[in-house]
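Undergrad: just to be clear, the model below is a prediction. Sequence and coordinates:
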2 protein chains.
Amino acid sequence: MSKKILFVILDGVGDRVLNGRTPLEVAVKPNMDFIAKNGVQGIVDVISPGVIPGSDTAHLSLMGYDPYKSYTGRGPLEAMGAGIEVKPGDIGFRVNFATVDENWIIKDRRAGRIKDARPLAEALDGMEIDGVKIILKATVEHRGALVLRGEGLSDKITDADPHEVGKPVLEVKPLDDTPEAKRTAEIVNKFIRKSYEILKDHPLNKEREKQGLPPANIVLPRGPGKVPHLQSFEDKWGIKGIFIAGVALLKGLGRFAGLPAPDLEGATGGYDTNPMVKIERALKFLYEEDGDIAFINFKATDVAGHDMNFEKKVEMIEKADKMFEMVLDKKDLVIAITGDHSTPVTKGDHSGDPVPLVLYAPNIRTDGTLHFSEREAAMGGLGRIRGFDIMPMLMDLSDKAHKFGA
Amino acid sequence: MSKKILFVILDGVGDRVLNGRTPLEVAVKPNMDFIAKNGVQGIVDVISPGVIPGSDTAHLSLMGYDPYKSYTGRGPLEAMGAGIEVKPGDIGFRVNFATVDENWIIKDRRAGRIKDARPLAEALDGMEIDGVKIILKATVEHRGALVLRGEGLSDKITDADPHEVGKPVLEVKPLDDTPEAKRTAEIVNKFIRKSYEILKDHPLNKEREKQGLPPANIVLPRGPGKVPHLQSFEDKWGIKGIFIAGVALLKGLGRFAGLPAPDLEGATGGYDTNPMVKIERALKFLYEEDGDIAFINFKATDVAGHDMNFEKKVEMIEKADKMFEMVLDKKDLVIAITGDHSTPVTKGDHSGDPVPLVLYAPNIRTDGTLHFSEREAAMGGLGRIRGFDIMPMLMDLSDKAHKFGA
């Protein structure tokens, strides 16, 4: 009988050794350890050995896509995460609402971390430039996403954001000789000019100036990427999935693969997140809505890694562990717990260290390991595999796979 | 000095854990354990992690071929297994001798599991349709193999067998727009009509009807595949081999690779098989006929897996173990024991679980494992490799390989 699949990604959970132990080794996490003891562990190169995964490429690989073929830059994913329904051929960008002076010298790349830039985005959203539709959405603080939709566009253009205060806004330039790249660069430059003209006099900015706050008077696009044709996850694997995440980028990624990525109250992607709403949603999908696989991304472990906060990472692992209390009694559930990459607290950023993986399924070959951790996983029965190997293994363990040959 | 190679494939031997142990762990198999103790173990993804191998694709990979490039469907292999000397460009099919009524509605897909359909096959074998030669051989019970030989043929056509009683025989249709596919579909349809016209009045069927048995009055082809050009095993590796198996499909596969696949009395492929005739034939080939490598397939372990019979699988492993008594004293022999895939008794079919592998050669790096089994192999010194990695390792261990570079 075909089984259900729960695939939990503890974002950035892999770590290195500090004072003799990793955060996973220090954390008290009885549920994950129970799964490890009754399952089988291994280590995973999410992309390939030593290659540092981004959150986006990592999740593509974990969903079974070849990230080298399906990844086209962060812009399109950010746009999807912002709730824009992108289409193949669209050019997506990440944008900042920034502060410039009248000579377009950057005063503040984040416009004083403006709380809500939505009225500003709405003032620009929907315009047309040279027959190309402009879609702009504000997301969190000074961040947003831009999409250009029209014929003859290219993502082979440079960024406008100089990434440094005191520098002038960069003119966007084509990166190759095609008319498409030249045209797209021109349109983006026109859009930036328009954004300044409209935003500098926007009432919200006038109000900010009155309060002594830096005005968010220009939009700076970066990270262009063309939205590719990606086979949907459900077509690719022939099963029904859901992608549960707190942060916009990852929701966008799930939707990019054609999976529903619900907005859940309490799933914040931060230290204050409530993982129980995620596991409840996952189990409802699997057991009440005839779902086959539920992905859950738990972001707070990665945040602690970036913050270089060992204790907080331990605490977040312990918080995530609570989720698994709700699944230990399931007899028809295949469980995978892994990371999308390591974010060592000693580094404060992603690293190329492999991530631990534990698989649990009825009758699975156990391996004698007792705790879910990087170093026990390296001794586990799965050996060392790649990120995109996990999906075929889950398909097999849940009796959803087909034979190759006879 | 170059050594001999014995490569034993315990079909479907890999399993999962039932009541704490796998059949390999329960079986008393002193010879394989001796080899494990003095050799080195690892786990093998015969195709790739999680991918469920068929017997055919698995053996291609174990012989060192890329199964994604060399596999073209089961038809050609079945034909070779039936003893038809296929040639590149031939189209091979599996067929059933079936029972239809006068409106070609299926009454029995297996014609009452007719004992011997050879006289019926002989009545059709050798005819020509539109300049294409028809080769038809009956194999076991209602089963057989069909080959079309001639110019301008394609395997891009549908099956005739509706796989259901009460349904009409399907008209064979081209799957693409080529004239070859159209022509081949027409020829197969004409062949099916011919088979009905000739078989419905065949004396053997008249006799069956008298006895109240369903007449085998039509031939239904399925699983068409074009015989590819495959580099012969001996050309590929530069060594002389033999392929010893009990079942037709695997003998066909050995011959497909250009290896002799002798018919041995007592090698049945079933629980009653006598593996000693296989090891004797292998040793004769290696030590009296100047052979380099002997493949032995032992099928009964897979049969027990399909039968979901744990005790029988244990018994068959113990039966296979006897073979190795005859090789423990050989000083110039490299031994590999593995499976082509797992067939867990808890599943009753092939699974994507990796298979255990033990390699033995003089002076090999041992790993401290003591028993040949899935879970000790996962702790072994070979780590986790692919099926097509084994042949190069055996070539190296037997001093038959050449350096890559200088």
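TA: Alright, I've got the coordinates.
Undergrad: in the stretch 151-300 of chain A, what residue lies closest to chain B?
TA: Nearest to chain B, among the residues of the stretch 151-300 of chain A, is A:Trp237, at 11.4 Å (CB to the nearest CB). All C-beta spots, glycine's among them, are computed from the backbone N, C-alpha and C.
Undergrad: so where does A:Pro344 fall, helix or strand?
TA: In the assignment (DSSP states H and E), A:Pro344 maps to no helix and no strand.
Undergrad: geometric centre of chain A: which residue is closest?
TA: A:Leu250 (3.2 Å; CA atoms, centre = their mean).
Undergrad: give me the beta-bridge partners of the closest residue to it other than its chain neighbours?
TA: Leaving aside its chain neighbours, A:Leu250 sits nearest to A:Asn297 (5.1 Å; criterion: CB to CB, 6 or more residues apart in numbering or on different chains). Assessed by DSSP bridges, A:Asn297 has beta-bridge partners A:Ile9.
Undergrad: doesn't A:Asp56 make contact with A:Asn297?
TA: No. Judged on CB atoms under 8 Å, A:Asn297 makes no contact with A:Asp56 at a distance of 11.6 Å.
Undergrad: ok, these two, which is more surrounded?
TA: Neighbour count, other CB atoms under 10 Å in any protein chain shown: between A:Asn297 and A:Asp56, A:Asn297 has more, with 28 against 25.
Undergrad: so who does that one touch?
TA: Applying CB atoms under 8 Å, 6 or more residues apart in numbering or on different chains, we find A:Asn297 in contact with A:9, A:11, A:59, A:243-247, A:250, A:340.
Undergrad: the lowest-mean-pLDDT helix or strand in chain A packs against which elements?
TA: Within chain A, no helix or strand scores below helix A:74-81, which has a mean of 82 by mean pLDDT, DSSP states H and E. Contacts defined by 3 or more CB pairs under 8 Å, 6 or more residues apart in numbering or on different chains; DSSP states H and E place helix A:74-81 against strand A:91-100, strand A:143-149, strand A:218-226, helix A:248-256.
Undergrad: what about the strands in the stretch 101-250 of chain A?
TA: All strands of the stretch 101-250 of chain A, identified by DSSP state E, counting those that start in this stretch, fall at A:106-108, A:128-129, A:132-138, A:143-149, A:218-226, A:241-244.
Undergrad: a markdown table for those strands, including distance to A:Ile47, mean neighbour count and mean pLDDT?
TA: What follows is these, written out as a markdown table (distance: least, CB to CB, whole Å; neighbours: other CB atoms under 10 Å in any protein chain shown; pLDDT from 0 to 100):
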| stretch | distance to A:Ile47 | mean neighbour count | mean pLDDT |
| --- | --- | --- | --- |
| strand A:106-108 | 33 | 19 | 95 |
| strand A:128-129 | 37 | 14 | 97 |
| strand A:132-138 | 29 | 21 | 96 |
| strand A:143-149 | 25 | 25 | 95 |
| strand A:218-226 | 18 | 23 | 94 |
| strand A:241-244 | 20 | 24 | 98 |
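Undergrad: does A:Leu6 sit in a helix, a strand or a coil?
TA: strand (DSSP: H, G, I helix; E, B strand; the rest coil).
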